[in-house]
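1. whatever this is, show me its structure:
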Amino acid sequence: MATIKDIQHGALHPLYTGLYGSSHDTEDQDRRYITLSEEHIRCFGNASFSLFSTAGRSELGGNHTDHNLGRVIAATINLDTIAAVSRRDDNRVILISEGYPPVEVDLNNLEKVPGEENTTEALVRGIAFAFKERGLAIGGWQANTSSRVLKGSGLSSSAAIEVLCATIFNHLFNGDALDPVELAIIGKFADAGIDTSRAGTALNSIMSQFANPLSSFRKELGAAGIVTTNFEEALHQLAAKGKDGERAINAVGLEAGPALRVLLNQGMGALDELTGKLREAGGSAEATAKTMADNLNGS
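-> Coordinates of the predicted model:
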């Protein structure tokens, strides 16, 4: 935790180069964090807060090809979303983002809320569920944010908020138990509009359809030239098909299809890690489904 006086006396200066590069403006960054801190006290009356930063990103190559199972080279940038965060005694999350209406989520209800699709509320709820599903702690917090990751700029402003929320749960309540990759996978599911409470069901459906040679999924795989009965090989081949495999992905259904698309978009390295976990699961269908659900929820 850093107080306003700490910031004024340079407590954050050792961090700025890592966050913003060697050519950063120290005074400018101090002003940002002091203003953010003052706003937190004004909004919530709490001077005991932690400071967070999550970076935007730019795609160096392959921009938007990932929408069709393509490959993208991306890099973080020195534009970020910063937040001042303090715990709450109740089980609510209150998020006040500069220039946007306040967001409030009751963590006692992590089920999908009708009409909440594609909102920040849905992201917070889904991320919280992913933590709870893995046996990790969640709790109430309040935050105000300021961002230089401009909305609609192609710099992943929504992803910055997702990773921010996941990082807050991870740090405040779990001692940073999850690594950055696991946090990103949780955020990716939320951003894809997948209700994490249904992730296990969706993945069970994918496996069941693959196991059935008469299913539409298997038929579309065959039409795409994928005839292997090995699940691992099929995933690799489907990932390599790119947009030519889209009909097979759609064939698993409106609920399971997005889950499969996210899995494939994680890339070959993530697929290899997943299949390794599947082998360790001992071949049981139930254990395998659980392993897949855990992996895609951030295990």
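
2. neighbouring contacts of the helix or strand containing Leu51?
-> Under the criterion of DSSP states H and E, Leu51 resides in strand 50-61. For strand 50-61, contacts defined as CB atoms under 8 Å, 6 or more residues apart in numbering pick out 1-2, 12, 19, 33, 36-37, 72-86, 143, 148-149, 153-157, 159-161, 163-164, 167-168, 171-172. (Each C-beta comes from the backbone N, C-alpha and C, glycine too.)

3. which of those fall in strands?
-> 73-86, 143 (DSSP state E).

4. next, count neighbours for the closest residue to Gly253 other than its chain neighbours.
-> Once flanking residues are discounted, Gly253 sits nearest to Ser205: 6.4 Å by CB to CB, 6 or more residues apart in numbering. Neighbour count of Ser205, defined by other CB atoms under 10 Å: 21.

5. surely Ser205 touches Leu260?
-> No. Using CB atoms under 8 Å, Ser205 is not in contact with Leu260; the gap is 9.4 Å.

6. quick one: low-confidence residue ranges for this structure.
-> 64-71, 153-156, 188-204, 254-256, 258-259, 262-263, 265-299 (pLDDT under 70).

7. ok, the residue nearest the centre of the chain to Ala47 distance?
-> Centroid-nearest residue in the chain, with CA atoms, centre = their mean: Gly187, separated by 0.9 Å. Distance, Gly187 to Ala47, using CB to CB, to the nearest Å: 29 Å.

8. quick one: secondary structure of Leu264?
-> At Leu264, secondary structure determined by DSSP: H, G, I helix; E, B strand; the rest coil is helix.

9. was I right about it contacting Gln237?
-> No. Look at Leu264 against Gln237 with CB under 8 Å: they stay out of range, at 10.6 Å.

10. which of these two has more neighbours?
-> Leu264 (21 against 18).

11. for Asp25, see how far away that one is.
-> Leu264 is 41 Å from Asp25, by CB to CB.

12. rewinding a little: what's the overlap in contacts for Ser205 and Leu260?
-> Val252.

13. what subset of the ones in strands among the contacts of strand 50-61 is buried?
-> By neighbour count, with 16 or more other CB atoms under 10 Å, the ones in strands among the contacts of strand 50-61 hold Ile77, Leu79, Asp80, Thr81, Ile82, Ala83, Ala84, Val85, Ser86, Ala143 as buried.

14. stretch 57-74 spans what distance, first to last residue?
-> 7 Å (CA to CA, to the nearest Å).

15. sticking with Gly225, tell me its helix or strand.
-> Using DSSP H and E, Gly225 falls outside every helix and strand.

16. give the contact list for it.
-> Gln237, Lys241.

17. Phe231 - nearest residue in space that isn't next to it in sequence?
-> Phe210 is the one closest to Phe231 (CB to CB, 6+ apart), at 5.8 Å.

18. oh sorry, the question was meant for Ser208
-> Ser215 (8.0 Å).

19. what's the answer for Asp89, then?
-> Per CB to CB, 6+ apart, closest to Asp89 is Gly140, 7.1 Å.
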